[in-house]
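Visitor: sequence first, then the predicted structure, then my questions.
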Amino acid sequence: MAGRIEDYALIGDMQTAALVCRDGTVDWLCLPRFDSHAIFAGLLGTEEHGFWRLGPAHAADAEPPTAARRTYRGDSLILESEWDTSRGTVRITDFMPPRDGAPQLIRIVEGVSGRVPMRSALRMRFSYGRVVPWVHKHDGRTVAVAGPDSVWFDTDCETYGKSLTTYSDFTVAPGDRIAFTISWEPSHKQPPALPEPEASLQATEDFWREWVEHCTYHGPYREAVVRSLITLKALTYAPTGGIVAAPTTSLPEDIGGVRNWDYRYTWLRDAAITLSSLLRTGYREEARAWREWLLRAVAGDPENLQIMYGIAGERELGEAELDWLPGYENSAPVRVGNGAAHQLQLDVYGEVTEALHLAHMTGLARNDYASLLQLKLIRYLEDHWDEPDEGIWEVRGPRRHFVHSKVMAWVAVDRTIKLIESGDADGPLDRWRELRDDIHRDVCEKGYDKERNTFTQSYGSKELDASLLLIPQMGFLPPDDKRVIGTIEAIQRELSTPDGFILRYPTEGDSEGVDGLPGDEGAFLACSFWMADDLAMIGRVDEARKLFEKLLALRNDLGLLAEEWDPRLKRQVGNFPQAFSHVPLIDTALRLTASGAYGG
């Protein structure tokens, strides 16, 4: 059985990623890309669907021992786990070197004290656990082949096969270092080069140390901010600059429920807010690469703008269910692809325009095509801003006039007006100023409940929505506006969990709710960070800091966050780790630091 979501560590090479459990098991790895088929899919099924366990030997009928300690080596993505056993102590270092050739996952076992019996158990299953590969020896190396894929397993240890699994049994003493490596290569090509584990380890450490040195944030929350930045970098597909929302699919928002989605794609919204955080912490190259990815993906065609694309800009992300996988803790179905790709979400125009505006304001080298795209987006919005859409949360129910979508349409027009006013673009200023005023008036008249003094989820509705917390952050209204304060307080009353975290919107349990789905979900972590931001903006800085530090306490021992927090089960839920959780963590830390609202 897979571990709890927070029991996993992330390692990756900025083209794909693996999740490593506390017991030394790799339960998730897609090769060669984030969105490729998994060769280890035990996370969403059982051991029959693929895993790689490396750790102290244990009785066949006993649970694998978990590491007593684990940490990332400094500011890096190199995982170090230590086990204390009756025979001694052993350390395992897991990492994926930034790619220069074949993708590799390297695991180095090091004896610390005593003599510790160890075992490696490697069960590769291709195509998300469905295909058993042909495993054989080739020039003294072990290779698993099925269809277009081959995975090469290299170690100096003796290996043997049993029950369609490759085993190694060995003992480590102080000073011993024994490496294990898997490398992927298309099956029709020559074998990948023999790995050089120690040199790769040094190169990986050097890469991360040099990358972190560019961080311009040196405030009191630096540890949390840097770990979040490293996580966002790990979720960036280096060849194109596309940023995945998470490296996993179908980790449930509701344990045992159907709210299971594939997040291994680039949402324009998520990527745009990630760009914002990177720019504000010194990472201009990543921002430039994302802007170039955006221009290629959109291809100057805003009428067919999608809310998400593949990591190389692919448009077709057809959704399918993998019925041979039972799902994480029996949360079915397991989905690959994402049917929301072709939804209409008008807020995306605002997020993209805001990101391009910030890039322009922070001095990122001018790109004339980016300015042209921005103008095209507004021309499209002129004709479509007043239509209903599926909204930020990708509801699968009927389209509505979501207030947040209208606010972000206003943002798109406002930022484009500012671009024209700066002299860096030409456009019909008077017409678009009138459009900006029309959208603002429409939202304030139709999206505001005067009796309750709060904006609502959609025009004419009574429901609230945490995305309304972005109204002051986007500059739609000032923080001291009574309607803003009323909305913040209404969300605190109606969408807070008992421990003070924020739900996205009301759900209806077994009934179908506004999102067209049955079941409930946990507190959405991004929304909780937004609440902390708003509290700071309206002067309740002590309350903001306390909420922020409660949110920091939800991170796992390695500083990682999933999408949501289940207040009933007291555990993380949703895809992991989640960019949309780590970005607002950074933003809130920057805001609180600027306000001086921190302890110690």
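Guide: Structure received.

Visitor: helices along this protein, start to end?
Guide: Chain-ordered helices for the chain, with DSSP state H as the definition, fall at 126-129, 197-212, 222-234, 268-280, 284-298, 347-361, 368-384, 403-421, 429-446, 470-473, 482-494, 525-537, 541-552, 579-595.

Visitor: okay, those in CSV with distance to residue 63 next?
Guide: Placement of C-beta: from N, CA and C, glycine included. Supplementary listing: the helices of the chain in CSV, determined by distance: least, C-beta to C-beta, whole Å:
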stretch, distance to residue 63
helix 126-129, 21
helix 197-212, 29
helix 222-234, 29
helix 268-280, 36
helix 284-298, 41
helix 347-361, 45
helix 368-384, 54
helix 403-421, 45
helix 429-446, 55
helix 470-473, 45
helix 482-494, 42
helix 525-537, 30
helix 541-552, 30
helix 579-595, 30
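
Visitor: closest to residue 98 out of these?
Guide: Proximity to residue 98 (C-beta to C-beta) singles out helix 197-212 among the helices of the chain, at 5.2 Å.

Visitor: which elements pack onto the closest one?
Guide: The elements that helix 197-212 packs onto, with contact taken as 3 or more C-beta pairs under 8 Å, 6 or more residues apart in numbering; DSSP states H and E, are strand 88-95, strand 104-114, strand 177-186, helix 222-234.

Visitor: could you export the last one as CSV, CA atoms only?
Guide: So that's helix 222-234. Taking Å, rounded to 0.1, in the frame of the first residue of the first chain, the C-alpha atoms of helix 222-234 are listed here in CSV:
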residue,chain,number,x,y,z
ARG,A,222,13.9,32.1,3.6
GLU,A,223,14.0,28.4,4.2
ALA,A,224,10.3,28.0,3.2
VAL,A,225,10.7,30.3,0.2
VAL,A,226,13.8,28.7,-1.1
ARG,A,227,12.3,25.2,-0.8
SER,A,228,9.3,26.4,-2.7
LEU,A,229,11.4,27.9,-5.4
ILE,A,230,13.4,24.7,-5.8
THR,A,231,10.1,22.8,-6.1
LEU,A,232,8.9,25.2,-8.8
LYS,A,233,12.1,24.8,-10.6
ALA,A,234,11.8,21.0,-10.4
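
Visitor: surely residue 188 and residue 145 touch.
Guide: No: no contact is recorded between residue 188 and residue 145 when judged using C-beta atoms under 8 Å, the distance being 10.0 Å.

Visitor: that older thread, could you dump the helices and strands packed on helix 197-212 into a markdown table with mean neighbour count added?
Guide: Listed next are those as a markdown table, based on neighbours: other C-beta atoms under 10 Å:
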| stretch | mean neighbour count |
| --- | --- |
| strand 88-95 | 22 |
| strand 104-114 | 21 |
| strand 177-186 | 20 |
| helix 222-234 | 21 |
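
Visitor: dump the ones you listed into a markdown table; add distance to residue 573 as well.
Guide: Supplementary listing: the helices and strands packed on helix 197-212 in a markdown table, determined by distance: least, C-beta to C-beta, whole Å:
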| stretch | distance to residue 573 |
| --- | --- |
| strand 88-95 | 24 |
| strand 104-114 | 26 |
| strand 177-186 | 29 |
| helix 222-234 | 18 |
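
Visitor: would you format those as JSON lines with distance to residue 495 and mean pLDDT included?
Guide: Written out in JSON lines, the entries for the helices and strands packed on helix 197-212 read as follows (distance: least, C-beta to C-beta, whole Å; pLDDT from 0 to 100):
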{"stretch": "strand 88-95", "distance to residue 495": "39", "mean pLDDT": "98"}
{"stretch": "strand 104-114", "distance to residue 495": "41", "mean pLDDT": "98"}
{"stretch": "strand 177-186", "distance to residue 495": "44", "mean pLDDT": "98"}
{"stretch": "helix 222-234", "distance to residue 495": "24", "mean pLDDT": "97"}
